[in-house]
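In: I'd like to go over a predicted model; first the sequence, then the structure.
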Amino acid sequence: MNNLFSEGAADHSCALDTVFSPAGLLNVILRFWKLILLFVLLGGLAAWGLTRYVIKPVYRANATIYAWNNTQGANGNASTQEFYLVTQLMNDYRELLTSRRVQQPVEASLKTAFAGTFDENNFPKYKISVSTTRNTRIVSVAVESSSPQVAQVAANETTRVFADVIREILKLDNVQMIDTALLPDTPVRPRMYINLLFGIFLGGLLGGALALLLEVLDRTLKDPEQAERVLNRTMVGAVPLVGALEAARKANEKRRTGLLKSGSRQVGEAFRLVRTNLHFLLSERRNGGRMVMLTSTVSGEGKSSCAAALAQVTAQSGKKVLLIDGDLRKSMQQALWGLDRSKGVVSIISGDDNFESAVYRGVQGEEKLDVLLAGPLPPNPSEMLMSENMAELLNRCRKEYDYIFIDAPPCLSIADPLVLGQLVDGVVFVVACNHTRIEAVRRTLAQLERGGIRLLGILLNKFNLRKSGYSYGYHYTDYGYAENNAADQTNGRDEEDKA
């Protein structure tokens, strides 16, 4: 238990390093780009809605006054000392403009001016800011308010009251209005384009953060490199996920055509690589057919499709192949090939049919490919697989065929694969990307090894080349398998002869 825990912690740390690397971040973006784009659009839409309907517009009115040295006069030449005194006065004026002595009369004037327009409890608030231009005697008064009328009146009243306060307190008459405040017709806030940019940025940031969180919490396999590193097992191949492959497979079930004939070249080349790897892994067997079982952790990982495709490409290489549906509980091969499951393994073991009458030969135009279905649903699947009749059936198949592929049920919670695993030369373990948690895969592999079953390797299925950023270094174009059968058979025979 401690060993499993330490392995899990090490894998999690390694996964974090991988995710936050430049390549890992790019993979996250490619994988979750739709989610990130959704958040970007939602952020922009939220910013537009808030700016348009929620945030109140703010208007700004500006008034300008001019202050000079009263002893010199407005047109005289001021000395340096006098100019310094004026500068000090400017600082005093700036404080006075925002003082209560000035603003209280301004507020009273505003309430009187808008007595019939605004309720006293809902009177628009306003904010006054004062600025001076460097090395000048000009003071700018800016008033911001949600009401353009209030902003205009407040700016003009502030300058008027300020001049009165200067005469009263400082006994000076050196403030003169330059520009009165005009009625603003365009709000200064909110600015739509700035808010939109901020909303889009914030939405993208939140979407990216959520994508990173989902990636970190996702404890499934993504690519062959990760699978080999995390599981520490040999990889016999990786089958890419092609967008139209699943739809083609479902259509094939209805049209009853070959599984791979509607696939892409990437899929075909992937299974050819698996076929070649299995040939060399089983090269020590010289007498009798080579028997391989395909299983997985749970259902839905595509083991039945992989078994059918692997059997088909092996038959296309010129070898005599038998595909056995060993999943007596939930068989799938009859749907993939469009065959009747009324006879098969169960009917042979029970003695209701013989091998010759139960096997389908040359299915889908593949002369070298025979299929033996599971047959009718039995009441005791495990007992039937453990029977001597099952062992005799497989021994007969070894004598007649070069390769026998057995589509076994998932083995996380069913004992059937452990029974079949004792009768075959090796097991290909199918793992679907983004499907099964790594911990479950590890438990299943450990279960097989405890049973003394030989694991040939991992077959990674539904591997997304585009989203993972993983590539083989060359590109494929789609083509029909029927056009390449002759060449493929020649290549397969060459591989066998070289071994």
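Out: Structure received.
In: buried sites along stretch 171-189?
Out: Residues of stretch 171-189 classed as buried under the neighbour-count rule (16 or more other Cβ atoms under 10 Å) are 172, 174, 175, 181, 184, 187. Where C-beta positions appear, they are placed from N, C-alpha and C, glycine not excepted.
In: hey, what's the third one bridged with?
Out: Read that as residue 175. With beta bridges defined as DSSP bridges, residue 175 has these partners: residue 67.
In: tell me the mean pLDDT over the helix ranked longest in the chain?
Out: Longest helix in the chain, counting residues (DSSP state H): helix 192-217. Taken as a whole, helix 192-217 has a mean pLDDT of 93.
In: Same check on stretch 29-36?
Out: Per-residue scores along stretch 29-36 average to 90.
In: buried sites along it?
Out: 29, 31, 32, 36.
In: Residue 214 is in contact with the third one, correct?
Out: Yes. Using Cβ atoms under 8 Å, residue 32 and residue 214 qualify as a contacting pair, with a distance of 6.8 Å.
In: Next, the residue positioned nearest the centre of the chain: phi, psi?
Out: Compute the mean C-alpha point of the chain, and by Cα atoms, centre = their mean the closest residue is residue 32, 2.3 Å away. Torsion angles at residue 32 (phi, psi; degrees, to the nearest 10) stand at phi -110, psi 30.
In: Also residue 178?
Out: phi -100, psi -60.
In: Identify the residues contacting it.
Out: Taking Cβ atoms under 8 Å, 6 or more residues apart in numbering, we find residue 178 in contact with 64, 65, 66, 138.
In: what about the second one, neighbour count?
Out: Neighbour count of residue 65, defined by other Cβ atoms under 10 Å: 22.
In: Can you classify it by secondary structure?
Out: Secondary structure assignment for residue 65 (DSSP: H, G, I helix; E, B strand; the rest coil): strand.
In: right, and it touches residue 136 too?
Out: No. Contact status for residue 65 versus residue 136: not in contact, 11.7 Å apart, counting by Cβ under 8 Å.
In: just curious, which of the contacts of residue 178 is nearest to residue 411?
Out: Using Cβ to Cβ, the shortest approach to residue 411 within the contacts of residue 178 belongs to residue 64, at 85.3 Å.
In: what about that closest one, distance to residue 139?
Out: Between residue 64 and residue 139 the distance is 7 Å, computed by Cβ to Cβ, to the nearest Å.
In: So between the two, which is more surrounded?
Out: More crowded of residue 64 and residue 139, by other Cβ under 10 Å: residue 139, with 22 against 17.
In: who are the neighbours in contact with the nearest residue to residue 43 once chain neighbours are set aside?
Out: In space, and not counting its chain neighbours, residue 43 is closest to residue 203: 2.0 Å by Cβ to Cβ, 6 or more residues apart in numbering. Contacts for residue 203 (Cβ under 8 Å, 6+ apart) come out as 39, 40, 41, 42, 43, 44, 46.
In: rerun at 10 Å
Out: By Cβ atoms under 10 Å, 6 or more residues apart in numbering, residue 203 lies in contact with 36, 37, 38, 39, 40, 41, 42, 43, 44, 45, 46, 47.
In: Flag every buried residue along the helix or strand that the fifth one is a member of.
Out: Put plainly, it is residue 40. Secondary structure from DSSP states H and E places residue 40 in helix 33-49. Judged by neighbour count (16+ other Cβ under 10 Å), helix 33-49 contains these buried residues: 36, 39, 40, 42, 43, 44, 46, 47.
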